[in-house]
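In: here is my input, please return the structure:
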Amino acid sequence: MNEPASAETRHVPWRTQIAVYGIGLFTTSVFHVASVVIPLYAYTMNPSPFMFGLVFAAAHFLPLLFSIHAGALMDRLGARRVMLFCTVAAAILPLAYPLAPGIWALIFLQLFLGLAESMGWLGAQTMIGQYMHGRTTYAGRLSFVIRFGQLAAPPMAGITWDLAGVWGAFILMSLWASGSVVCALLLPAQAVRPTSGAIGSPAKGLRSLMPRWSDYRVAFGLLAAPSVAIIVALGGLMHMGNSVQSSFYVAWLTEMGITGTAVGLLSPAGAIGAALFSLLTAPLMRYVSGFWIVLLSLWAGILLICATPLLGTYLLLQIAMFLRSGMNGLAQPLVITLVLRGAGRSNQGKAVGLRGTANRLASILAPLAMGAIGELVGVRNAFFMVGALASLAMLWIAIYLVRHPQITRKGEE
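Out: Below you'll find the model as predicted:
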């Protein structure tokens, strides 16, 4: 896929780039902190496997409903306004977690933290399309930068959990999320170019903030393009693996006797792998179609996380984490840019919201299904069954691409 070096694509101000990369860094880091702290916190409440899965599924319910709406708001009002609101919420909400009196209160908080965290990341992706021309180069830089958060945040979370307990861990999460607020404030005013002008009067402003069926119709209409539909499906499968990693994976390691600090120290291996592999995406595309890079790398990543019960030593867990995150890092820039290119300039936010909706659906179903399967056949076998189901979906997509090679050519024009 060639990316023409026009004047438009060469001159994206560094201030805008740094702000967008920073928002991506801190919003995804909140996820990585939460993937250590929240499973450890939920585990102390002794829930059943199904209720344990529901804790993590809850974080994706509201993003499932409102990702497209949030993307449409970014198209209308500009990503900066939406991100400011959501990043502030993501910085405040963690402070309520230690006050949760039980598992249902924890589930309730997960609803809103999940929405706030996901909207910041959707905003960073949307701005790659709106102001960085949807180039794989910029998406690759974003994918590279966010790995520094993955490198630092989870070990800090694990160590803080062991040394400072529940309150210390959630205060850390709040402080970390505050970085995305600072980056949103750094976005220059001229970078915000809503497609329909200012909000106007309070009444008009309130109407502009309400969900519109027309936005959902346009977003789902994008699925009529096979290239968009395939990338949306593959992105959802990627989040199926991520959901397993942020829930039952940590619980399994805890059952093995691995401490919170040791769990957190697995993440640097993943961060290094993802950062290194994300830089290989653009060069590799000279030889392999982007669609096949996404499919094969994500398939390998899911198999690696679902093989966790077979990894009996900490060294093997480190190697698997390096390779799994590397596969995700290889695919992520293309998952972002291919769907943006298929959507067109006027629907960048909606396209990201559509992909976010599919991601959240997968993130809801994976822990719930794994929890239900775990109660029937045990958590160990649930890892393998999720891997088998994901493989069937990947195999179907692969067969479809083989039979319709024009999709990859048209999707990368």
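In: okay, buried residues for stretch 106-125 please.
Out: 106-107, 109-110, 112-125 (16 or more other C-beta atoms under 10 Å). In this view, the C-beta of every residue, glycine as well, is placed from N, C-alpha and C.
In: so where's the longest helix in this protein?
Out: Scanning the chain for the longest helix, with DSSP state H as the assignment, gives helix 136-186.
In: low-confidence ranges, the stretch 301-413 of the chain, go.
Out: Across the stretch 301-413 of the chain, the ranges flagged by pLDDT under 70 are 342-349, 407-413.
In: sorry, slip of the keys, the one I care about is the stretch 101-250 of the chain.
Out: 130-131, 133-134, 188-211.
In: find me the pLDDT at Ile38, would you?
Out: With respect to pLDDT, Ile38 has a value of 90.
In: from memory it sits against Met45, does it?
Out: No - Ile38 lies out of contact with Met45 (C-beta atoms under 8 Å); the separation is 11.0 Å.
In: residues near Leu65, how many?
Out: The local packing of Leu65 (other C-beta atoms under 10 Å) involves 13 other residues.
In: regarding it, which helix or strand does it belong to?
Out: Using DSSP states H and E, Leu65 maps to helix 61-77.
In: repeat that for Ala388.
Out: Secondary structure assigned from DSSP H and E places Ala388 in helix 379-403.
In: please spell out which residues along that helix are buried.
Out: For helix 379-403, a neighbour-count test (16+ other C-beta under 10 Å) marks 379, 382-387, 389-390, 393-394, 397, 401 as buried.
In: quick revisit: which of the buried residues of stretch 106-125 fall within strands?
Out: Using DSSP state E, no member of these sits in strands.
In: still on that earlier bit, between Ile38 and Met45, which is the more surrounded one?
Out: Taking neighbours as other C-beta under 10 Å, Ile38 and Met45 compare with Ile38 leading, 26 against 14.
In: so where does the residue nearest to the more buried one when sequence neighbours are not counted fall, helix or strand?
Out: Nearest non-adjacent residue to Ile38, counting by C-beta to C-beta, 6 or more residues apart in numbering: Val55, 7.0 Å away. Assigned by DSSP H and E, Val55 falls within helix 49-58.
In: buried stuff in that helix?
Out: Neighbour-count burial for helix 49-58 flags Pro49, Phe50, Met51, Phe52, Gly53, Leu54, Val55, Phe56, Ala57, Ala58 (criterion: 16+ other C-beta under 10 Å).
In: residue contacts, the closest residue to the second one other than its chain neighbours?
Out: What that stands for is Phe50. Excluding the flanking residues, the one nearest Phe50 by C-beta to C-beta, 6+ apart is Gly371, at 4.1 Å. For Gly371, the contact set (C-beta atoms under 8 Å, 6 or more residues apart in numbering) comprises Ser48, Pro49, Phe50, Met51, Phe52, Gly53, Leu54, Phe248, Ala382.
In: now do Leu93
Out: By C-beta under 8 Å, 6+ apart, the residues touching Leu93 are Leu109, Phe112, Leu113, Ala116.
In: helix/strand/coil for it?
Out: helix (DSSP: H, G, I helix; E, B strand; the rest coil).
In: for it, give its distance to Val244.
Out: 24 Å (C-beta to C-beta, to the nearest Å).
In: same question, Gly260
Out: Counting by C-beta to C-beta, the gap from Gly260 to Val244 is 19 Å.
In: related to what we said a few turns ago, the residue nearest to Phe50 sits in which helix or strand?
Out: helix 348-377.
In: could you give me the buried positions within that helix?
Out: Neighbour-count burial for helix 348-377, with 16+ other C-beta under 10 Å as criterion, is recorded at 348-371, 373-374.
In: count the neighbours of Thr254 for me.
Out: Per other C-beta under 10 Å, the neighbour tally for Thr254 reads 15.
In: nearest residue to Ser67 other than its sequence neighbours?
Out: Per C-beta to C-beta, 6+ apart, closest to Ser67 is Gly356, 3.4 Å.
In: so that neighbour touches Ala124, yeah?
Out: No - using C-beta under 8 Å, Gly356 makes no contact with Ala124, being 11.8 Å away.
In: dump the residue contacts of Phe304.
Out: Actually, residue 304 is Leu. It isn't Phe. Ala320, Leu323, Arg324, Met327.
In: oops, could you answer that again for Ala229 instead?
Out: Ala229 makes contact with Leu223 under the criterion C-beta under 8 Å, 6+ apart.
In: look up how far Ile293 lies from it.
Out: Distance from Ala229 to Ile293, by C-beta to C-beta: 18 Å.
In: could you do Thr337 as well?
Out: Distance, Thr337 to Ile293, by C-beta to C-beta: 12 Å.
In: more neighbours: which of the two?
Out: For Thr337 versus Ile293, neighbours defined as other C-beta under 10 Å are more numerous around Thr337 (28 against 22).
In: mind listing what the more buried one touches?
Out: Ile128, Gly134, Arg135, Thr136, Ala139.
In: which pair in the residues you listed spans the largest distance?
Out: Across the contacts of Thr337, no pair lies farther apart than Ile128 and Thr136, at 9.5 Å, counting by C-beta to C-beta.
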